[in-house]
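>>> Please work out how this folds:
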Amino acid sequence: MINELPSGAPVIGVAKTRFRTATHAAQVFRGQSSRPLYVTAAGMTVAEAAGVVTEMAGQFRLPDALKLADRLARGVETTDDSWRAAE
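Numbers count the residues shown, from 1 in each chain. You can find the predicted model right below:
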């Protein structure tokens, strides 16, 4: 059962390196990688969050949706496809 946050939305944290004080993080191995992702959660159990990350689409260590979110946050990619009209 998901524990509700005041906003009503659970939050899943995913890191490629271990944060020293996050002793509660679950290690998730994806794809062929021998290096884990470190998963934390608020509003749901860490085990539930680890299951969500494990099941996310993508064949590599980092799920496809998280790769896209990272690229968008860094401004490397945009969701605006108007540039395609110039082709």
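>>> Could you list the low-pLDDT ranges of the chain?
Scanning the chain for pLDDT under 70 picks out the ranges 1-7, 78-87.
>>> any chance you could map the helices in the chain?
Remark: helices assigned in the chain by DSSP state H are 46-55, 64-74.
>>> and those helices, which is most packed in?
Highest mean neighbour count among these (mean count of other Cβ atoms under 10 Å): helix 46-55, with a mean of 16. Backbone N, C-alpha and C define where each C-beta goes, glycine included.
>>> Pull the distance from that one to the chain's centre.
The gap between the average C-alpha position of helix 46-55 and the chain average comes to 10 Å, counting by Cα atoms, centre = their mean, to the nearest Å.
>>> For that helix, enumerate the helices and strands it packs against.
Counting contacts by 3 or more Cβ pairs under 8 Å, 6 or more residues apart in numbering; DSSP states H and E, helix 46-55 is packed against strand 11-15, strand 26-28, strand 37-42.
>>> And Arg35, how far from Val46?
To Val46, Arg35 is 19 Å away according to Cβ to Cβ, to the nearest Å.
>>> Ala25 is in contact with Pro36, correct?
No: in this structure, Pro36 is not within contact of Ala25 by Cβ atoms under 8 Å, at 9.2 Å.
>>> quick one: which of these two has more around it?
Ala25 (21 against 17; other Cβ atoms under 10 Å).
>>> Next, the contact list for the more buried one, please.
13, 15, 18-19, 38-40, 46 (Cβ atoms under 8 Å, 6 or more residues apart in numbering).
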